[in-house]
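Visitor: what shape does this take:
(chains A and B)
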Number of protein chains: 2
Amino acid sequence: MKTISENRCFGGVQGVYTHASQATGTDMTFGLFLPEGAEDGPVPLLWYLSGLTCTHENAMVKAGAQRWAAEAGIALIFPDTSPRGEGVANDEAYDLGQGAGFYVNATESPWAPHFSMWDYVTDELPDLVFRAFPLEETLQAITGHSMGGHGALTIAMSLPGRFSSVSAFAPICNPSASDWGRKQFTAYLGKDESAWAPHDATLLMRKRGFDGPVLIDQGTADQFIDLLKPEALASAMTERRQGGTFRMQKGYDHSYFFVSSFIEDHIAFHADALMG
Amino acid sequence: MKTISENRCFGGVQGVYTHASQATGTDMTFGLFLPEGAEDGPVPLLWYLSGLTCTHENAMVKAGAQRWAAEAGIALIFPDTSPRGEGVANDEAYDLGQGAGFYVNATESPWAPHFSMWDYVTDELPDLVFRAFPLEETLQAITGHSMGGHGALTIAMSLPGRFSSVSAFAPICNPSASDWGRKQFTAYLGKDESAWAPHDATLLMRKRGFDGPVLIDQGTADQFIDLLKPEALASAMTERRQGGTFRMQKGYDHSYFFVSSFIEDHIAFHADALMG
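Guide: The predicted structure follows:
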């Protein structure tokens, strides 16, 4: 693992690191914020999964999360959203290929050799960071934005016991029924929709739910709201009697101005679940 | 004036606007955050001047300022750092020409036709925004980062009575004695150093000071600290008995991680001066 940069930030350190990934067969870069308290011992970890077109960097510089993570004494990890580089398959569309891994393990050509973001985020990267940094493996929570909200919700429901709490900003809620999902799942996972179901937050919510608190924020002026299908997840949550909060935030769109406006609430929510 | 974008942000609106500038002879773009309270009437305005290579956008998306401006009920304006575009002189170096206006009116060729950032920021842009938005002209404060800190300090001291308070993050403190200054002043203002003096915060502090509170933050691990010369301004402030605070922040560098770590303090400082 190689250190790309480390910057003092809110009394802690915002680092960027790169490492050779076996899951993706490429070098992968991630951001990690360690609060000041990490100098004295392991701290809880909040995963932040980003959306389409993002790298490890977008949320790290635009979400304003470190302020609240520092206050709560929680670390933040910002993985990349796909493998990248020459020799890695890609597509001209912004929503397929590099920058659009969708947090699945691709089984189809040409994606299968590198696009194993599920394994990367749920297995390899945790192994790496819990060995290398003062992070408490028993205290993890997860959040994300848009495609990353989809990732956070599906991962949290698929790995019961790992995360104390899950939240999402404008998540892709029902990808099996959306153009943000059907296209990518067909490309990465093939035409058999039974392979898609484990990666659809609405279907997972109907089937198993999440054993812990859930917080969803969705802007009413989100320019992508028809693709996100918040109504599907809200229905599934209420029908299941899932403990959680689903907030429609009046006038907010899909941008980081929306994420940064509510990140304080999300970190307080996770801090309460992790340490309250 | 044309609206480029408007995003709901912390209950207010983060807008980006463009207009034809007479001062620069180009189109100019700026960001303006209006807190929720601006719906009910004019609000105070904090100017944020950015540093080398920045546009109107960097601080707007990376400084995390809106959270605190919303809480304080203060508007934020983020001007660009120079004229831009084809037909505008430029230089291959990052620290001269486009993105490096240094908040002066250039008198020398080839810069004179467009590089009038002093007039733009102190005269034309205020005229425009006080006419177009619910902003209280009698309640203004100013801050900035690096070259923008230089701009904030020199403008505040040169226009007594306009700003209630001035602050800066890692400002270029003594450009007449630095490679961040001598090169640019020679290019923009010519070789006669008497034309430089009105644009040197340390010289202005020695000569006239500021009639209001001053707050300076400087990181001890700043990679550009030798170019910034904080010792010159700190000496001038103390020798003058200028009311103010000069903080050396241990371990912080020159990045926006430094700015975002302390923007809360700066906005609280200005809010107190504006409305306390």
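Visitor: what does the stretch 151-276 of chain A have sitting close to chain B?
Guide: A:219, A:221, A:249, A:251-253, A:255-258, A:260-261, A:264 (CB under 8 Å from any CB of the partner chain). (Glycine included, C-beta is placed from N, CA and C.)
Visitor: so residue A:137 is in which element?
Guide: Using DSSP states H and E, residue A:137 maps to strand A:135-144.
Visitor: ok, now residue A:270?
Guide: Element membership for residue A:270 (DSSP H and E) is helix A:256-275.
Visitor: which parts of chain A are strands?
Guide: For chain A, the strands defined by DSSP state E cover A:2-9, A:12-20, A:27-34, A:43-49, A:75-79, A:135-144, A:163-169, A:214-219, A:245-249.
Visitor: JSON lines please, covering the ones you listed and showing mean neighbour count and mean pLDDT.
Guide: Below are the strands of chain A laid out as JSON lines (neighbours: other CB atoms under 10 Å in any protein chain shown; pLDDT from 0 to 100):
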{"stretch": "strand A:2-9", "mean neighbour count": "16", "mean pLDDT": "98"}
{"stretch": "strand A:12-20", "mean neighbour count": "18", "mean pLDDT": "98"}
{"stretch": "strand A:27-34", "mean neighbour count": "22", "mean pLDDT": "98"}
{"stretch": "strand A:43-49", "mean neighbour count": "28", "mean pLDDT": "98"}
{"stretch": "strand A:75-79", "mean neighbour count": "26", "mean pLDDT": "98"}
{"stretch": "strand A:135-144", "mean neighbour count": "22", "mean pLDDT": "98"}
{"stretch": "strand A:163-169", "mean neighbour count": "28", "mean pLDDT": "98"}
{"stretch": "strand A:214-219", "mean neighbour count": "24", "mean pLDDT": "96"}
{"stretch": "strand A:245-249", "mean neighbour count": "15", "mean pLDDT": "91"}
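Visitor: looking at those strands, which is closest to residue B:138?
Guide: strand A:245-249 (33.9 Å; CB to CB).
Visitor: which residues touch the residue of the stretch 101-250 of chain A found nearest chain B?
Guide: Per CB to the nearest CB, residue A:221 is where the stretch 101-250 of chain A lies closest to chain B, at 6.6 Å. Contact analysis of residue A:221 by CB atoms under 8 Å, 6 or more residues apart in numbering or on different chains lists A:250, A:251, A:252, A:253, B:8.
Visitor: bridged to the residue nearest the centre of chain A, which residues?
Guide: What sits nearest the mean C-alpha location of chain A, by CA atoms, centre = their mean, is residue A:49, with 2.2 Å. Beta-bridge pairing for residue A:49 (DSSP bridges): residue A:144.
Visitor: ok, the residue in chain A sticking out farthest from the centre to chain B distance?
Guide: For chain A, the residue at maximal distance from the C-alpha centroid (CA atoms, centre = their mean) is residue A:40, at 27.4 Å. According to CB to the nearest CB, to the nearest Å, residue A:40 and chain B sit 17 Å apart.
Visitor: so how far is residue A:73 from that residue?
Guide: 10 Å (CB to CB, to the nearest Å).
Visitor: can I have the buried ones of the residues of the stretch 151-276 of chain A next to chain B as a ChimeraX selection?
Guide: Selection command for ChimeraX covering only the buried members of these, criterion 16 or more other CB atoms under 10 Å in any protein chain shown:
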select /A:219,249,252,253,255,256,257,258,260,261,264
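Visitor: now the residues of the stretch 151-276 of chain A next to chain B in JSON lines, with distance to residue B:54?
Guide: Output for those, formatted as JSON lines (distance: CB to CB, whole Å):
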{"residue": "A:219", "distance to residue B:54": "28"}
{"residue": "A:221", "distance to residue B:54": "28"}
{"residue": "A:249", "distance to residue B:54": "30"}
{"residue": "A:251", "distance to residue B:54": "28"}
{"residue": "A:252", "distance to residue B:54": "26"}
{"residue": "A:253", "distance to residue B:54": "24"}
{"residue": "A:255", "distance to residue B:54": "19"}
{"residue": "A:256", "distance to residue B:54": "17"}
{"residue": "A:257", "distance to residue B:54": "18"}
{"residue": "A:258", "distance to residue B:54": "23"}
{"residue": "A:260", "distance to residue B:54": "19"}
{"residue": "A:261", "distance to residue B:54": "23"}
{"residue": "A:264", "distance to residue B:54": "26"}
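Visitor: among the residues of the stretch 151-276 of chain A next to chain B, which one sits closest to residue B:31?
Guide: Taking CB to CB as the measure, residue B:31 lies nearest residue A:257 of those, at 10.9 Å.
Visitor: now do the same for that closest one: its pLDDT.
Guide: Note on residue A:257: pLDDT of 98.
Visitor: my guess is it contacts residue B:5. True?
Guide: No: counting by CB atoms under 8 Å, residue A:257 sits too far from residue B:5 to count as a contact (9.5 Å).
Visitor: what's the neighbour count on residue A:194?
Guide: 8 (other CB atoms under 10 Å in any protein chain shown).
Visitor: apologies, that question was intended for residue A:271.
Guide: 21.
Visitor: how far away is it from residue A:161?
Guide: Distance from residue A:271 to residue A:161, by CB to CB: 19 Å.
Visitor: do residue A:1 as well
Guide: For residue A:1, the distance to residue A:161 - CB to CB - is 27 Å.
Visitor: next one: residue A:14
Guide: In terms of CB to CB, residue A:14 sits 29 Å off from residue A:161.
Visitor: next one: residue A:92
Guide: On the measure of CB to CB, residue A:92 and residue A:161 end up 41 Å apart.
Visitor: could you do residue A:93 as well?
Guide: 37 Å.
Visitor: look at those two and report which has more neighbours.
Guide: The neighbour comparison of residue A:93 against residue A:161 (other CB under 10 Å) goes to residue A:93, with 12 against 8.
Visitor: picking up where we left off before, output the contacting helices and strands for the strand holding residue A:137.
Guide: Other helices and strands packing on strand A:135-144, by 3 or more CB pairs under 8 Å, 6 or more residues apart in numbering or on different chains; DSSP states H and E, are strand A:43-49, helix A:125-132, helix A:147-158, strand A:163-169, helix A:256-275.
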